[in-house]
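Asks: Sharing a sequence plus its predicted fold:
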Amino acid sequence: MPFSASIFYPKKSRRFDFTLSEKLTYYSLTAIISYVLLLQFIETSFGYDISKYAYCLLIIPVITYFIAGGIRLNEYENLNGYFEGSISFKEDYAFIDSVEYQYNKIENLILYGNSYSGQRNENTRSGPMYSNGVHNLISFDYEDQKISRNFKLDSERHIDELQSALLNIITNEKIPYQRKYLNLINKEYRSYMKFELFIAKLIKEKRIECTEGLLLIGYDSDTEAKELRAKYCC
């Protein structure tokens with residue numbers, strides 16, 4: 001399965017660029033607290049008996065606070081950056097910013113690819129509800145260069161395309177094998193026969209221990225574990 005994604009260049013930290021709902025939330029809370037403290041200060045410092053009607057003005061920031069809560073239900077994070085260029089995985093090389101990087105020369109590959117556009121954020125109490133899918137990263141060493149790029153995943157299907165490409169690259173050893181690369185393949189794709197046969201090969205060649213290999217393949221019972229052990233470890 002082919003894979004291609006847009007490269008994303010972040011500009012600044014997320015904390016310095018609030019969305020509309022965040023701005024309204026923070027401004028309204030600040031207004032509520034400041035106004036109450038101001039009235040309390042006037043009463044205690046000057047002895048004025050402030051009318052309870054003065055507190056009615058708090059209805060404005062309170063309404064604003066609830067409006068912000070409604071906005072966030074359909075709100076996406078701010079991008080805080082821009083898109084330029086693309087990354088794709090070809091048969092024998094990665095194509096990044098119009099440059100070819102041969103898999104067999106790539107070292108220390110790091111890849112995070114689980115954030116997609118429209119994904120619900122873990123923080124469900126405040127802030128935008130949905131991610132833009134740009135919190136993904138590929139990084140590796142290539143001929144004394146350090147290559148690092150963020151990229152966007154458009155949907156859960158896009159994650160499947162990425163995983164399918166990784167499964168092909170790693171199990172066919174187009175990139176020189178390192179044990180940590182097996183962790184790049186998620187649980188769903190570890191259930192594929194292609195992954196299981198690759199682990200069996202690693203066990204047979206003593207590049208990975210039997211027990212660790214079986215744990216990577218996964219099993220649901222002791223009986224299944226014994227069957228896998230008899231199949232691949234003897």
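Replies: Now that the structure is in, tell me what you want to look at.

Asks: All the helices of the protein, in order from the start?
Replies: Under the criterion DSSP state H, the chain carries helices at the ranges 20-46, 59-72, 156-171, 187-190, 193-204, 210-217, 222-232.

Asks: Let me have these in TSV, extended by mean neighbour count.
Replies: C-betas here are computed from N, CA, C, even on glycine. Shown next, in TSV, are the helices of the chain (neighbours: other C-beta atoms under 10 Å):
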stretch	mean neighbour count
helix 20-46	14
helix 59-72	15
helix 156-171	19
helix 187-190	13
helix 193-204	17
helix 210-217	18
helix 222-232	13
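
Asks: Distance to Phe140 and mean pLDDT added to those, as CSV?
Replies: Output for the helices of the chain, formatted as CSV (distance: least, C-beta to C-beta, whole Å; pLDDT from 0 to 100):
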stretch, distance to Phe140, mean pLDDT
helix 20-46, 35, 90
helix 59-72, 37, 93
helix 156-171, 12, 96
helix 187-190, 20, 91
helix 193-204, 20, 92
helix 210-217, 22, 87
helix 222-232, 30, 82
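
Asks: Centre-most residue in the chain?
Replies: When C-alpha atoms, centre = their mean is applied to the chain, the residue found nearest the centroid is Ser115 (3.4 Å).

Asks: Enumerate every residue touching that residue.
Replies: 131, 133-136, 153 (C-beta atoms under 8 Å, 6 or more residues apart in numbering).

Asks: List only buried entries from the residues you listed.
Replies: Among these, those scoring as buried are 131, 133-136, 153 (criterion: 16 or more other C-beta atoms under 10 Å).

Asks: what about Ser34, distance to Ala54?
Replies: Distance, Ser34 to Ala54, using C-beta to C-beta, to the nearest Å: 14 Å.

Asks: same deal with Thr64?
Replies: With C-beta to C-beta as the criterion, Thr64 and Ala54 are 18 Å apart.

Asks: same check, this time on Asp141
Replies: Asp141 is 65 Å from Ala54, by C-beta to C-beta.

Asks: Asn186 is in contact with Ser164, correct?
Replies: No - contact between Ser164 and Asn186 fails when scored by C-beta atoms under 8 Å: they sit 10.9 Å apart.

Asks: which one of the contacts of Ser115 is nearest Asn80?
Replies: Among these, Val134 lies closest to Asn80 (C-beta to C-beta), at 8.7 Å.

Asks: how about that closest one, phi and psi?
Replies: Backbone torsions of Val134, given as degrees, to the nearest 10, read phi -110, psi 10.

Asks: correct me, but it touches Gly81?
Replies: Yes - using C-beta under 8 Å, Val134 is in contact with Gly81, at 7.1 Å.
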